[in-house]
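Trainee: sequence first, predicted model second:
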Amino acid sequence: MLSGALLTLPVHLFIKILGIVVFTFGFFGSHSIASGWVSHRAKKDKAQASSLYLFAYYFGSSIGGTTGGFFWATWGWNGVIAFISAFIVTAFLLAGTLMLINQKVHNMKSHPYEYKRGKENEHLRY
């Protein structure tokens, strides 16, 4: 998705169109994956989790679209791409953080005794 956004920066029309296509596929692909991930991760109340995701999605789109207009008015297309790129980098950082948290929780469930003996959980010792 980031590469698609960056491909819209050159002047040549064919490259801009290619960038829009790559960005669009990346955007809808990531939205579909995130929507499915929310349903998969919710242990109960899946409908509420899905509706909360869609609320955040549309709320973020409204705020992001409005803010993108300010970037357009101030810095033009390069400002819009910088704004979008910041969103994408933030999404990657959040996804990486969630992945690390998920791995730690999985490891704690797989080896609970080792985590009880660790320094960070010294208060759990008997």
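Mentor: The structure has been received and is ready for your questions.
Trainee: hey, let's count contacts and neighbours off CA atoms from now on
Mentor: Will do.
Trainee: residues in contact with stretch 18-34?
Mentor: By CA atoms under 8 Å, 6 or more residues apart in numbering, the residues outside stretch 18-34 that reach it are 1-8.
Trainee: please point out which parts of that stretch sit buried.
Mentor: Residues of stretch 18-34 classed as buried by neighbour count (16 or more other CA atoms under 10 Å): 19-23, 26-27.
Trainee: could you do stretch 52-59 as well?
Mentor: By neighbour count with 16+ other CA under 10 Å, stretch 52-59 contains the buried residues Y53.
Trainee: and that stretch, how far from the chain's centre?
Mentor: For stretch 52-59, the separation from the chain centroid amounts to 13 Å (computed by CA atoms, centre = their mean, to the nearest Å).
Trainee: spit out the contact partners of A42.
Mentor: By CA under 8 Å, 6+ apart, A42 lies in contact with A49.
Trainee: one more pass at 6 Å, please.
Mentor: The contact partners of A42, by CA atoms under 6 Å, 6 or more residues apart in numbering, come to none.
Trainee: tell me the secondary structure of G60, please.
Mentor: helix (DSSP: H, G, I helix; E, B strand; the rest coil).
Trainee: any idea of the pLDDT on it?
Mentor: G60 is assigned 91 on the pLDDT scale.
Trainee: same check on Q103?
Mentor: Note on Q103: pLDDT of 85.
Trainee: how about N121?
Mentor: At N121, the pLDDT value in this model is 56.
Trainee: show me the buried residues of stretch 18-34 that map onto strands.
Mentor: In strands, defined here by DSSP state E, there are no members of those.
Trainee: for the chain, just list every one of the helices.
Mentor: 2-7, 13-41, 46-110, 112-117 (DSSP state H).
Trainee: what's the most buried one of those?
Mentor: Mean neighbour count (mean count of other CA atoms under 10 Å) peaks for helix 2-7 among those, with a mean of 19.
Trainee: quick one: mean pLDDT over that one.
Mentor: Mean pLDDT, helix 2-7: 94.
Trainee: what's that helix in contact with?
Mentor: Residues from elsewhere that reach helix 2-7 (CA under 6 Å, 6+ apart): 16, 19, 22-23.
Trainee: switch the cut-off to 8 Å
Mentor: With CA under 8 Å, 6+ apart as the test, helix 2-7 has contacts from 15-16, 18-24, 26, 81, 84-85, 88.
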